[in-house]
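Colleague: Return atomic coordinates for the entry below.
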Amino acid sequence: MKQFSIGKLLAVLKGAVILPFKTSSVGRLSRISGRLTVKNKGEFVVGRNVSFHAKPFQSSISVNKRATLWVGDNVFFNYGIDIGCTKSIRIGSNTIIGPMVNMIDSNFHPVDADDRSQSRDIIISDNVWIGRGALILPGVTIGSNTVIAAGSVVTRDIPANVLAGGTPAKVIREIRVPNEWIRRYN
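Modeller: Numbering: from 1, shown residues only. As a prediction, this is how the structure comes out:
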């Protein structure tokens, strides 16, 4: 039988108490350890078995009016996460988000008087691993099973089944991912 630690039980209880008040919908066994700040004025949907590990550094999630942040099942968020959702961010199931990752679907302010930029959807497909300190910018789609290297700045779409990295992130090589293989189940 799988051992269930007191720390994990407390994180599940904390998630069961806090997440229903901070989200639009939350699945079973989602948990919070550490400090997670959530400002939800839109729609924030959290799947089953989602883990917010917000220690030693707190994590912050902001969902604006008329915006949607959707998180699939079995997703792990490490500490120091900063998510700013003004339109739409979708994070697929079985995804791992490393520490200090930042996702923003808007620039939040114009660069100059001629800047007409607007919020653009972010889509992170299933079974993706985003490494420490990566920055995911507006309008990006990351394909299934892909790994984003630590410290990368993702400015354009990244296909499925690749390792990508750098500033701006680009494909480094293809990776072998068998059908139905899940990188990690938390």
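
Colleague: For the chain, name the helix or strand with the lowest mean pLDDT.
Modeller: Least confident helix or strand of the chain, by mean pLDDT, DSSP states H and E, is helix 6-22 with a mean of 84.

Colleague: Return the set of buried residues in that one.
Modeller: Of the residues in helix 6-22, Ala11, Val12, Lys14, Gly15, Ile18, Leu19, Lys22 count as buried by neighbour count, 16 or more other CB atoms under 10 Å. For glycine as for every other residue, the C-beta is placed from the backbone atoms N, C-alpha and C.

Colleague: mean confidence for the helix or strand just after it?
Modeller: As assigned by DSSP states H and E, the chain's next helix or strand after helix 6-22 is strand 25-26. Averaging pLDDT along strand 25-26 gives 90.

Colleague: so where does the nearest residue to Gly131 once chain neighbours are set aside fall, helix or strand?
Modeller: Spatial nearest neighbour of Gly131, excluding adjacent residues (CB to CB, 6 or more residues apart in numbering): Ala150 at 3.6 Å. Using DSSP H and E, Ala150 maps to neither a helix nor a strand.

Colleague: Next, count neighbours for Ala150.
Modeller: Ala150 is flanked by 15 other residues according to other CB atoms under 10 Å.
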